[in-house]
Structures are given as C-alpha cells and as structure tokens.
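*Asks:* no FASTA, just this:
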C-alpha cells in the first residue's frame, strides 16, 4: 500500500465530506477511494470511519490519524517544493474571484501567467457567492470585505476603494438629483442584491455610519448589469469607482452628490492555512502586487 497516497485520500474525504466528492476531486473511482480507506484501516488495525448510507463519522482513532496525517502531508508538500526549486512552477491551481474584479483584473493577470509559465494549469472561478476554500479545493480567492464565515484563512488587504453614487444625465434631467442623503430616500435606484434582497447603502457621516434602503427600480447580483442599467437611465446606482470611471469620463454617467463622503470597501486575497506549493506561492505574490497596482491600496496581513 502507498501509505502517503492513502492518507491523502483519507484526508480529502474528511475535507469534502464524502467518498464520491473525494473521488471526483482526486480523479479516482469511488471503489479505489474505498480501497485506500480499507487498506489504512487494515494497516492501523482499527476502523477510522463509521459509514452509513448517508454519512460517515470519524472514530476517535480516525480523528487522531487525520490530525497527524494533515501535518505529515503538509511537510511532504514543503519537501517536494524544495526539490523543485529552480524549475518552473507547474500543476493545477484554482483561483476564485467575484465576477466584476475577476473579469477586469484577475483574468488578465492569469492569462499573462499562463503564457509565461506553460506548465501551469490555471482554473479561474468567477462567482459573487464565496466558496469554502478547503472543501472546494480553491488555493487562492479574492473576496470583498468584510470577511465572514467560519473558515480559518490567511487574508491580505490588496485594495480599498470607494463606492460612489452615479446616474445617467437622462435620469438627472427627468428626476432631478438628490442634494442630501434624505433626498436620496425618494429617488429610484439600481441596487446590488443577493437572494432577491437588495443590499443597503452605507454612508459615513459626522454622526456615524448611515444605512439607507431607498426605493429600488432594478436589482441584480451582477455589478456590470447594474452599471448598464444606470447608463440606460433606470436610476441612481452605488458601485465601485473603478467600474464607473470610464463612464464618468465619456459623460454617460455623472457622479451624484460628489461631496458626500464615500464608504470604502476592502478587497482581500485569502488562502487556507496550509503549506504553500511553489505554484500557489507564485500566484499569491503576483496577485497581491498586481491587484495593488490595478486597484490601489495600502496593505497588511491578518488572520481570521
């Protein structure tokens, strides 16, 4: 039995929650995954997983093996990377990013890296729904703050940009422009939503952070669709300045209440607590530096 391979299969079953998910992730048949687990149990002389038709639970011995195996596999990965130093990075790396930032900033960086390092296989997943990085096998992710959830992540701030109000000149000519936050409550708006519910708008004031829920004429979970709706005159929108900049320049949008202090959103580069392979370390450094150049920020590293 290849004990390291069997331990890797065992740990992936625990991370993903099922034999079938581990089989898909590792490119093995479910039967082969089961064989690895049975071989481990025979070698240790005790059951490691208690399996039913619906779930599997770790035994006490299985929990101890999993903890020790995770450390062993991390060390083996680090040793393999030492052996590969001096060679070009290669292998599969998975990146997750929000749709807007992914299309405008992350995808061009990944295309350049793919050309520079032909042995890399870059998978870029674009979604505004955050994934559990460990369960989904994602190596690096871009997330807009604040960070939420129970995952244990290493997070680095790579951008901090304001969300600004904008509307088309056609909307301004027919509906006027608000002069204050109170005026904004009576205007038709174009808003980001998640699960059918529009997100509130936030504005810093001398009295603290003000949250508004103005009337919504159009909502979407795609920020480009919101920008296009604003350009068409549907209503006032509240979006990242980088997405609106070219439209301010060509006059298809005008900034609403430009003297109102803007709420800024942080963008994080996050990764699981795990030993970095050479390919992931490369992408981590390149993404951090290039996103800071593209989006602009002051940095910092934190753990959550």
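*Replies:* Done, it's in. Since the structure is predicted, the reported quantities are computational estimates derived from the model, not experimental observations.

*Asks:* Would you mind measuring from residue 120 to residue 281?
*Replies:* 12 Å (Cβ to Cβ, to the nearest Å). For the C-beta atoms, the positions are set from N, CA and C on the backbone; glycine is no exception.

*Asks:* One more: residue 41?
*Replies:* For residue 41, the distance to residue 281 - Cβ to Cβ - is 35 Å.

*Asks:* Looking at the two, which is more packed in?
*Replies:* residue 41 (19 against 15; other Cβ atoms under 10 Å).

*Asks:* How far off centre is the longest strand anywhere in the chain?
*Replies:* Identified as the longest strand of the chain according to DSSP state E is strand 153-167. Distance, stretch centre to chain centre, for strand 153-167: 13 Å (Cα atoms, centre = their mean, to the nearest Å).

*Asks:* which of the residues in that strand are buried?
*Replies:* 153-161, 163-167 (16 or more other Cβ atoms under 10 Å).

*Asks:* Out of these, which comes closest to residue 226?
*Replies:* For the buried residues of strand 153-167, the closest approach to residue 226 (Cβ to Cβ) belongs to residue 166, at 10.0 Å.

*Asks:* For the residue nearest to the closest one when sequence neighbours are not counted, give me its contacts.
*Replies:* Excluding the flanking residues, the one nearest residue 166 by Cβ to Cβ, 6 or more residues apart in numbering is residue 253, at 4.5 Å. Neighbour list for residue 253: 166-168, 227, 230-231, 244, 247 [criterion: Cβ atoms under 8 Å, 6 or more residues apart in numbering].

*Asks:* likewise residue 3?
*Replies:* Contacts of residue 3 (Cβ under 8 Å, 6+ apart): 40, 43.

*Asks:* now do 10 Å
*Replies:* Taking Cβ atoms under 10 Å, 6 or more residues apart in numbering, we find residue 3 in contact with 36, 39-40, 43, 69, 72.

*Asks:* how far away is it from residue 154?
*Replies:* Residue 3 is 29 Å from residue 154, by Cβ to Cβ.

*Asks:* got it, and residue 107?
*Replies:* Distance from residue 107 to residue 154, by Cβ to Cβ: 23 Å.

*Asks:* repeat for residue 231
*Replies:* 38 Å.

*Asks:* Could you do residue 293 as well?
*Replies:* 21 Å.

*Asks:* Select from the contacts of residue 253 the one having the most neighbours.
*Replies:* Counting by other Cβ under 10 Å, top hit in the contacts of residue 253: residue 230 with 27 neighbours.

*Asks:* Give me the three-state assignment for it.
*Replies:* Judged by DSSP: H, G, I helix; E, B strand; the rest coil, the three-state class of residue 230 is helix.

*Asks:* pretty sure it contacts residue 238?
*Replies:* Yes - judged on Cβ atoms under 10 Å, residue 230 makes contact with residue 238 at a distance of 9.4 Å.

*Asks:* I appreciate the help and will end here.
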